[in-house]
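**Student:** Dropping a prediction and its sequence here:
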Amino acid sequence: MIREKLAESIRRSLTDAQTEGVISFGMLPEIELEVPKNTQFGDFTTNAAMVLAKEAGMPPRKVAEVILSHLHAQDIVERTEIAGPGFINFYLKPTWLHDALCRIATQGAQYGRSDVGQGTRIQVEFVSANPNGPIHVAHGRGAATGDVISSMLSALGFDVTREFYVNDAVNSKQMQNFGKSVHARYMQALGHDFPMPEDAYQGEYVIDIAKDIVKEYGDRFLSMSVEERIRTFTDLAKEQMLELQKKDLADFGVKFDVWFSEQTLHESGKVARVIEILKERGYAYEKSGAVWLKSTAFGDDKDRALVRSNGQPTYIAADAAYHLDKFNRGFEKVIDCWGPDHHGYIARTKAAVAALGCDPSKLDIIIYQAVRLFAGGEMVMMSKRAGDVVLLSELVAEVGKDAARFFFLMRSTDSNLDFDLELAKSQSNDNPVYYVQYAHARICSILRKAEEMGVPVRRACDTDLTPLGHEAEISLIKKLAEFPDTVAEAGLAYEPHRLTRYCQDLAAIFHTFYTECRVMGEDPALTNARLALVDSARIVLQNALGLLGISAPSTM
RNA sequence: GCCUCCGUAGCUCAGGGGAUAGAGCAACUGCCUUCUAAGCAGUGGGCCACAGGUUCGAUUCCUGUCGGGGGCGCCA
């Protein structure tokens, strides 16, 4: 990679100068080489001279001179300049752009991937919706975010496991309410005048589940005791919900490697065991009939209950057991992707992990901010219990998987996301996903034209690329060359929106190129070179959209 | 009260220790006999909330203030 090569040259230049005694500094600084916003400042620029100035005890521009006088990079650098307060701007030989295109053509679908992860085992846990209702729109953001973070890390050479934690503890209040709700609907479906329980789940889908149970089993459960019936229904309904969730997520382009049941942690004794471990390690104690995690020892505001005075373990106890299990499975990095209502759980979860003797820095918790639904400028309320949820499946049916994913991924996870249903449903041209996909369709159209005219598309490595020199061509190649860096930065920072942004930028640059530079023209040499360029753009766009889980249509 | 995210163009949001702060939408003006006009080019529009601090340099980092979203259970 050209950037690394240049950075290495600068480092060598500095160490050489130091050896000669021309300059003196302590540690070699991290060389920051970036693509300047303004093309008039060259292909790459570095602030190394300014960073070193103080330590070296000379003015930045003088340091820059020292760097340049010891630089041996004539093979790639055409010229350099010292600018402004001490920037060094590099103007590379045009062949670096040709090399970039050749690399894309050679690597194809692999372009953008790397091995920085070196097979490190990493687990991404996301969505983890309760198994007592369908996946709704608010889960969509977590689903898209976790999925694309996983894809990016995988592209970076990490060994990624996508995991869904199923909060199916049968003794939990929410599962019991769910079971009671299904039971009430079952009785109603059989014609009984039966009241809904307190805090019932009101959604239509509960009625559907009850009807399905009636259809399949009739009234045979009436012979059971009420408790037995509720337990049976909880199980049946949970299974049905899990299947539905799997299907809805699959339709959204998300597949999990592991569906991890909380209940198994209780049944296998891992929850009880983790409490014992915490007690042994001195981080759990009993007080007023309950067992407490001493999370304050790790910076939490207050200690948290692990076991209630009625003997039931809390969610935190199960979660501690779950995270211990994750680390015991050998993951070297564990990522939890949670909604904004969980931010208060970061401190206690990390505390639990630390109390168990695991390294809390191996646990990264991503909190994505709220999704708010708007329909015609009005905010749509979303309450699961009240039953007025908007389902992810409905959204996907209305706007399609591609648009839905792109919308969810466009914004930084730190920002709220306002999802305008009307806009998304209207399939409006404002939708940026069309803009990006259109660029790909146009590329394919050019390639079809070439085929039609009997002009073979030659790979960039086997084509004379010197005819490329138009401003629009140059900026397109530069953008294509950036892609691997973008994937690395977005992936390591867990920031999928950088990738959607990249796609939009690339599409914009391509559309400009398309308007300014006719590919299938009179000059065969130019046509060949542009075809190679366009084909490289196709590869990069496909790879980028592929990481986002969004299709790259060849016609629109 | 405590925690957390946000505050950048009319709107929705990117960016981010550095050289003239960006995109989309909205407004206005041009561009289709030629590879898809779901496109392109151009114009207007900004005390980057405010006040201190760190720095050679702050819109960016730190502290505080103000404003907005969300969260603070022996619920999950």
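**Tutor:** Okay, I see it. Residues are numbered from 1 along each chain as shown, chains lettered A, B, ... in the order given.
**Student:** so where is chain A shaky, pLDDT-wise?
**Tutor:** Within chain A, the stretches with pLDDT under 70 are A:376-377, A:381-389, A:426-429.
**Student:** Secondary structure element for the residue positioned nearest the centre of it, which one?
**Tutor:** Geometric centre of chain A, nearest residue: residue A:149, 2.6 Å, by C-alpha atoms, centre = their mean. Here residue A:149 sits within helix A:137-155, counting by DSSP states H and E.
**Student:** got a list of what the residue nearest to residue A:359 when sequence neighbours are not counted touches?
**Tutor:** The shortest distance from residue A:359 to any non-neighbouring residue, by C-beta to C-beta, 6 or more residues apart in numbering, is to residue A:353 (7.9 Å). C-beta here means a position set from N, CA and C on the backbone, and glycine is covered the same way. By C-beta atoms under 8 Å, 6 or more residues apart in numbering, the contact set of residue A:353 is A:320, A:323, A:324, A:327, A:359, A:360, A:363.
**Student:** swap in residue A:509?
**Tutor:** With C-beta under 8 Å, 6+ apart, residue A:509 has these contacts: A:472, A:475, A:476, A:479.
**Student:** Can you tell me the element the second one falls in?
**Tutor:** Element membership of residue A:475, judged by DSSP H and E, is helix A:471-492.
**Student:** show me what contacts the closest residue to residue A:539 other than its chain neighbours?
**Tutor:** Distances taken as C-beta to C-beta, 6+ apart place residue A:104 nearest to residue A:539, at 5.5 Å, with adjacent residues excluded. Contacts for residue A:104 were tallied using C-beta under 8 Å, 6+ apart; they are A:111, A:460, A:480, A:536, A:539, A:540.
**Student:** returning to that earlier point: return the members of the contacts of residue A:509 classed as buried.
**Tutor:** A:472, A:475, A:476, A:479 (16 or more other C-beta atoms under 10 Å).
**Student:** ok so, going back, from the contacts of residue A:353, which ones fall inside helices?
**Tutor:** A:320, A:323, A:324, A:327 (DSSP state H).
**Student:** quick one: which of these has the most company?
**Tutor:** residue A:320 (31 neighbours; other C-beta atoms under 10 Å).
**Student:** Can you lay out the contacts of residue A:104 as JSON lines showing neighbour count and distance to RNA strand B?
**Tutor:** Putting the contacts of residue A:104 into JSON lines (neighbours: other C-beta atoms under 10 Å; distance: C-beta to the nearest atom of the strand, whole Å) gives the following:
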{"residue": "A:111", "neighbour count": "21", "distance to RNA strand B": "22"}
{"residue": "A:460", "neighbour count": "25", "distance to RNA strand B": "17"}
{"residue": "A:480", "neighbour count": "24", "distance to RNA strand B": "17"}
{"residue": "A:536", "neighbour count": "25", "distance to RNA strand B": "15"}
{"residue": "A:539", "neighbour count": "22", "distance to RNA strand B": "17"}
{"residue": "A:540", "neighbour count": "23", "distance to RNA strand B": "17"}
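**Student:** So which of those residues is the closest to residue A:75?
**Tutor:** Using C-beta to C-beta, residue A:460 is the member of the contacts of residue A:104 that lies nearest residue A:75, at 19.7 Å.
**Student:** from what I can see the closest one touches residue A:533, true?
**Tutor:** Yes. Between residue A:460 and residue A:533 a contact is recorded at 7.3 Å, counting by C-beta atoms under 8 Å.
**Student:** list residues touching both of the two?
**Tutor:** Contacts common to residue A:460 and residue A:533, judged by C-beta under 8 Å, 6+ apart, are residue A:101.
**Student:** excluding its backbone neighbours, what's nearest residue A:474?
**Tutor:** residue A:97 (6.9 Å).
**Student:** State the distance from that neighbour to RNA strand B.
**Tutor:** When distance is defined by C-beta to the nearest atom of the strand, to the nearest Å, residue A:97 is 19 Å away from RNA strand B.
**Student:** Which helix or which strand is home to that residue?
**Tutor:** helix A:95-107.
**Student:** report the angle between the axes of that helix and helix A:471-492?
**Tutor:** Going by axes from the mean of the first three to the mean of the last three C-alpha atoms, to 10 degrees, helix A:95-107 is angled at 60 degrees with respect to helix A:471-492.
**Student:** What are the buried residues along helix A:95-107?
**Tutor:** A:96, A:97, A:98, A:99, A:100, A:101, A:102, A:103, A:104, A:105.
**Student:** same question, stretch A:352-372
**Tutor:** Buried, per 16+ other C-beta under 10 Å, within stretch A:352-372: A:352-356, A:358, A:360, A:363, A:365-369, A:371-372.
**Student:** and what of stretch A:308-318?
**Tutor:** Here stretch A:308-318 shows A:313, A:314, A:315, A:316, A:317, A:318 as buried, counting by 16+ other C-beta under 10 Å.
**Student:** Can you show me the helices along the stretch 401-550 of chain A?
**Tutor:** Counting by DSSP state H, counting those that start in this stretch, one finds helices in the stretch 401-550 of chain A at the ranges A:421-425, A:432-452, A:471-492, A:497-516, A:524-548.
**Student:** and chain A, what are its domains?
**Tutor:** Domain ranges of chain A: A:2-92, A:98-112+A:429-548, A:173-251, per automatic domain parsing.
**Student:** can you give me how far the last one is from the chain middle?
**Tutor:** Counting by C-alpha atoms, centre = their mean, to the nearest Å, domain A:173-251 is centred 35 Å from the centre of its parent chain.
**Student:** on that earlier part again, which one of the helices of the stretch 401-550 of chain A is the most hemmed in?
**Tutor:** Counting by mean count of other C-beta atoms under 10 Å, helix A:524-548 has the highest mean neighbour count of these, with a mean of 22.
**Student:** elements contacting that one?
**Tutor:** helix A:95-107, helix A:137-155, helix A:392-410, helix A:432-452, helix A:471-492, helix A:497-516 (3 or more C-beta pairs under 8 Å, 6 or more residues apart in numbering; DSSP states H and E).
**Student:** redo that, cut-off 7 Å
**Tutor:** helix A:95-107, helix A:137-155, helix A:432-452, helix A:471-492, helix A:497-516 (3 or more C-beta pairs under 7 Å, 6 or more residues apart in numbering; DSSP states H and E).
**Student:** now the angle from that helix to helix A:497-516?
**Tutor:** 160 degrees.
**Student:** can you tell me how far the residue of chain A most remote from its centre sits from residue A:320?
**Tutor:** In chain A, residue A:223 marks the outermost C-alpha relative to the chain mean, sitting 49.5 Å out by C-alpha atoms, centre = their mean. Separation of residue A:223 from residue A:320 (C-beta to C-beta, to the nearest Å): 41 Å.
**Student:** now swap in residue A:222 and tell me
**Tutor:** 41 Å.
**Student:** can I get the CA coordinates of the one helix or strand residue A:49 maps to in PDB?
**Tutor:** Using DSSP H and E, residue A:49 sits within helix A:48-56. Listed next in PDB are the C-alpha coordinates belonging to helix A:48-56 (Å, rounded to 0.1, in the frame of the first residue of the first chain):
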ATOM      1  CA  ALA A  48       5.100  15.200  11.200                       C
ATOM      2  CA  ALA A  49       7.300  18.300  11.100                       C
ATOM      3  CA  MET A  50       5.000  20.300  13.200                       C
ATOM      4  CA  VAL A  51       4.500  17.500  15.700                       C
ATOM      5  CA  LEU A  52       8.300  17.100  16.100                       C
ATOM      6  CA  ALA A  53       9.200  20.800  16.100                       C
ATOM      7  CA  LYS A  54       9.000  21.300  19.800                       C
ATOM      8  CA  GLU A  55      11.000  18.200  20.800                       C
ATOM      9  CA  ALA A  56      13.600  18.800  18.100                       C
END
